[in-house]
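In: Below is the sequence, then the predicted model.
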Amino acid sequence: MNTEFDNFLVELKIINNIPTNGKLIIENNCLIIDHNTWLSTLYRKWNKHSRKNSIAYLKLLYFNIFELVDKWMNNYILNPNKKLDSRDYILFFNLKNNLVYLKDALFSSKIGLKNLIGTYNDDLEMVKDLSSLIIQINDKYEKMCKCIQSNSNKTVTKN
């Protein structure tokens, strides 16, 4: 079990679930959705939660996810010209499936990021940073799709 991978999937799912006018709180290195009530506003102020902390956390999160994706896509097993033997097949299957899961989770996370853009539409810096993340996700998503597609017809050779 890859705990880093699992944590990324959970965090992307949380981001996906950010509602319209929702906000994020980072507490003990965990993402929490804030539904933006007057009580939560007091809570955020009291605990010094800020949009700057949230965007810094998101930038680092996506940077780490993209780094993992690049590492996987550059693995020799996912080279489209690589012939697989039976020893490589399990690694290939796991890498490819993990890429598919992460690709779908990245794509879905854009929903929450777009909702954050609506929440912070009066803050041009926040909108710029969130829009930049969405552009990076789109770019990585396309590369992941190509990698997965180029490996869709791989066959296993006998040792």
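Out: On my side now, so go ahead.
In: Could you report the separation of the residue most central in space within the chain from Asn98?
Out: Centrality entry for the chain: nearest residue to the mean C-alpha point is Leu106, 4.2 Å, by C-alpha atoms, centre = their mean. Leu106 sits 12 Å away from Asn98, going by C-beta to C-beta, to the nearest Å. Placement of C-beta: from N, CA and C, glycine included.
In: Thr155 too?
Out: Distance from Thr155 to Asn98, by C-beta to C-beta: 20 Å.
In: show me where the chain has helices.
Out: Counting by DSSP state H, the segments of the chain that form helices are 3-16, 38-46, 51-73, 86-119, 124-150.
In: Can you say which of those helices is nearest to Ile32?
Out: Minimum separation from Ile32 across those (C-beta to C-beta) falls at helix 3-16, 7.9 Å.
In: Low-confidence stretches in the chain?
Out: The chain contains residues with pLDDT under 70 at 1-2, 36-49, 156, 158-159.
In: if I pick the closest residue to Ile65 other than its chain neighbours, what's in contact with it?
Out: Leaving aside its sequence neighbours, Ile65 sits nearest to Phe8 (C-beta to C-beta, 6 or more residues apart in numbering; 5.2 Å). The neighbourhood of Phe8, defined by C-beta atoms under 8 Å, 6 or more residues apart in numbering, consists of 61, 64-65, 68, 102, 105.
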